[in-house]
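> show me the folded form of this:
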Amino acid sequence: MWCYIVITVILIISGWLCWYMMRVSNENLLEIRPSTVENSGNGVFLTRPVKMWDILTVSPVEVIPKESLRGSPSENYTFDGSLFGPGLSVLPSGFIRYVNHSDQPNCIQSTRVEQREMVLRALADMPSGTELFINYGEGWWKSRE
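Residues are numbered from 1 along each chain as shown. Okay, here's the model as predicted:
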């Protein structure tokens, strides 16, 4: 029962952080709207052109025990948290949590452990209106089997 309370608090905090990050993130470079990928819900899109290796957004992360997320909706928005310790997941706030998967990603995410944040960078020059994609990695898919 307590794990659902913790998850609810995390969702409230991350929702607030998401709203905050959307307001201050790289001068409104990104926006969330329906994805071009069928059955993928929302996606993240550029509002202006970017260059390869540009930082698109930086999002704070919550480090959470994997087991506390089992079966919750938040589980689909987590990343591997093994950099922080065994059995941990990372739940980013802001735009990164809405970036969809592709086997040919146009972005890459990295984790800054000491700052407890994730950074999203462009892997190519991209025009305004481009939907952003990362590769979730084999571990993400295996953890959902």
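> and stretch 97-113, which residues are buried?
Neighbour-count burial for stretch 97-113, counted by 16 or more other C-beta atoms under 10 Å, picks out 97-100, 105-107, 109, 111. Glycine gets a C-beta too; all of them are placed from N, C-alpha and C.
> looking at those residues, which is nearest N42?
Y98 (5.5 Å; C-beta to C-beta).
> before we move on, back to that, okay, the buried residues of stretch 97-113 in TSV with distance to S89, pLDDT and secondary structure next?
Converted to TSV, the buried residues of stretch 97-113 look like this (distance: C-beta to C-beta, whole Å; pLDDT from 0 to 100; DSSP: H, G, I helix; E, B strand; the rest coil):
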residue	distance to S89	pLDDT	secondary structure
R97	12	89	helix
Y98	17	92	helix
V99	17	95	coil
N100	19	93	strand
P105	20	97	coil
N106	25	98	coil
C107	20	97	strand
Q109	14	92	strand
T111	12	91	strand
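> quick check: of those residues, which lies closest to R33?
Once C-beta to C-beta is applied, the member of the buried residues of stretch 97-113 that ends up nearest R33 is Y98, at 9.8 Å.
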